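Colleague: Sequence first, then the predicted structure, then my questions.
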2 protein chains.
Amino acid sequence: MKRNTWQREAVRDALGSNEGFVSAQGLHQGLREAGSSIGLATVYRALADLATEGEADSLQSDQGESLYRACTPGQHHHHLICRNCGLTVEIEADAVEAWAHEVASDNGFTQASHIVDVFGLCARCSASPAALGHGA
Amino acid sequence: MKRNTWQREAVRDALGSNEGFVSAQGLHQGLREAGSSIGLATVYRALADLATEGEADSLQSDQGESLYRACTPGQHHHHLICRNCGLTVEIEADAVEAWAHEVASDNGFTQASHIVDVFGLCARCSASPAALGHGA
DNA sequence: CGCCATACTGATAACGACAATCAACACGCG
DNA sequence: CGCGTGTTGATTGTCGTTATCAGTATGGCG
């Protein structure tokens, strides 16, 4: 049986109140700082569950860290992510979906799935080179 | 000065003689079994160098492992990867490149880059359900 | 309302991948 | 041949994630 725990809710809530992708550890730290006594392992579990149930999307950062973000459930979409501030925009890509399946078929592949994410600098970060953090 | 060592060559060679993506540790193990006395750290270094120089492509496995594969140097391309046997086909996707930049621009993003990989089952694995290992 | 079974929690240990360390070494050059 | 230095490789450390396991809270039921 699946129980209804405040911890699960806390993670879901923290995820929903975040604009970009967050790491499990970052989320845990944020919750702790907000006064919660939630455990790290629980955050990992909750995030894994959320991702499995389709309520959260996950991707891997450059360093191999898993990042999570709340997403529109039951809808296939991709992400446009700001490399600097983490701002994330959900994007749809019917054309890309079609292309992926076509390419797969052309090569005899079946059961095609795909990973498609676009990284860049959002308008604000593009306009603020100083914020890029590589100031000499 | 950059030296010409047999280790670097061994890694490059091992990478080239492999059809799909390999993990650093897998490659190291393979070289060891082939009689080489190359060290694990050296394999990591060589792979990182190769990837930096554009002679190898890298992607992250589901478990967060970094996988490498030899690729056509200096050319931007993506991959169609068999989920079962690892067979990899290089694919070009001008349309997707254009789409990615367009979507980024539409949302005010600059310096767009993207991750695009397609997974599926290759013709052989599609025809051999028994090989999928989850016989039920 | 209180009890019980059990799913869940959370601190910690284990684990795996990877990076850093550092002495020994080999390559290339004079 | 001998020197300088980039490279190697065994080992250690770091970091993210998962497993462990006893304690706890949840929710159904008497």
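Modeller: Thanks, I have the structure now.
Colleague: Kindly report the residues of chain A close to chain B.
Modeller: Within chain A, the positions near chain B by C-beta under 8 Å from any C-beta of the partner chain are A:60, A:64-66, A:80, A:82-83, A:89, A:91, A:93, A:95-96, A:99-100, A:103-104, A:107-123, A:126. Every residue, glycine included, has its C-beta placed from N, CA and C.
Colleague: how does it look with 7 Å?
Modeller: A:60, A:64, A:66, A:80, A:82, A:89, A:91, A:93, A:95-96, A:99-100, A:103-104, A:107-123, A:126 (C-beta under 7 Å from any C-beta of the partner chain).
Colleague: Kindly calculate the angle that the longest strand along chain A makes with strand B:110-121.
Modeller: What stands out as the longest strand in chain A, according to DSSP state E, is strand A:110-121. Put simply, strand A:110-121 runs at 170 degrees to strand B:110-121, going by axes from the mean of the first three to the mean of the last three C-alpha atoms, to 10 degrees.
Colleague: Which strands or helices does strand A:110-121 pack on?
Modeller: strand A:78-82, helix A:94-106, helix B:94-106, strand B:110-121 (3 or more C-beta pairs under 7 Å, 6 or more residues apart in numbering or on different chains; DSSP states H and E).
Colleague: re the thing from before, near DNA strand D, list only the ones from the residues of chain A next to chain B.
Modeller: Contacts with DNA strand D within the residues of chain A next to chain B, counted by C-beta under 7 Å from any atom of the strand: A:Gly64, A:Ser66.
Colleague: May I have the residues that are in contact with A:Val118?
Modeller: A:Leu80, B:Ala100, B:Val103, B:Ala104, B:Ala112, B:His114 (C-beta atoms under 7 Å, 6 or more residues apart in numbering or on different chains).
Colleague: Can you tell me which of these comes closest to DNA strand C?
Modeller: B:His114 (21.2 Å; C-beta to the nearest atom of the strand).
Colleague: my guess is A:Leu31 meets A:Ser37, correct?
Modeller: No. In this structure, A:Leu31 is not within contact of A:Ser37 by C-beta atoms under 7 Å, at 8.8 Å.
Colleague: Comparing these two, which residue is more hemmed in?
Modeller: Using other C-beta atoms under 10 Å in any protein chain shown as the criterion, A:Leu31 and A:Ser37 rank with A:Leu31 on top: 21 against 7.
Colleague: what's the spacing between the more buried one and A:Leu15?
Modeller: Using C-beta to C-beta, to the nearest Å, one gets 10 Å for the distance from A:Leu31 to A:Leu15.
Colleague: Could you do A:Lys2 as well?
Modeller: Distance from A:Lys2 to A:Leu15, by C-beta to C-beta: 18 Å.
Colleague: The two: which is more packed in?
Modeller: Neighbour comparison, A:Lys2 and A:Leu15: the larger count goes to A:Leu15, with 20 against 6 (by other C-beta under 10 Å).
Colleague: Hmm, A:Tyr68 and the more buried one touching each other?
Modeller: Yes. Between A:Leu15 and A:Tyr68 a contact is recorded at 6.3 Å, counting by C-beta under 7 Å.
Colleague: Now list whatever residues contact both of these two.
Modeller: Common contacts of A:Leu15 and A:Tyr68 (C-beta under 7 Å, 6+ apart): A:Ala56.
Colleague: Without its sequence neighbours, what residue ends up closest to A:Ala56?
Modeller: Excluding the flanking residues, the one nearest A:Ala56 by C-beta to C-beta, 6 or more residues apart in numbering or on different chains is A:Leu50, at 3.9 Å.
Colleague: Show the contacting residues for the one you found.
Modeller: Here A:Leu50 is in contact with A:Arg12, A:Leu15, A:Ala56 (criterion: C-beta under 7 Å, 6+ apart).
Colleague: which of the helices and strands packed on strand A:110-121 sits most buried?
Modeller: For those, average neighbour numbers computed from mean count of other C-beta atoms under 10 Å in any protein chain shown are highest in strand A:78-82, which has a mean of 22.
Colleague: Thank you, goodbye.
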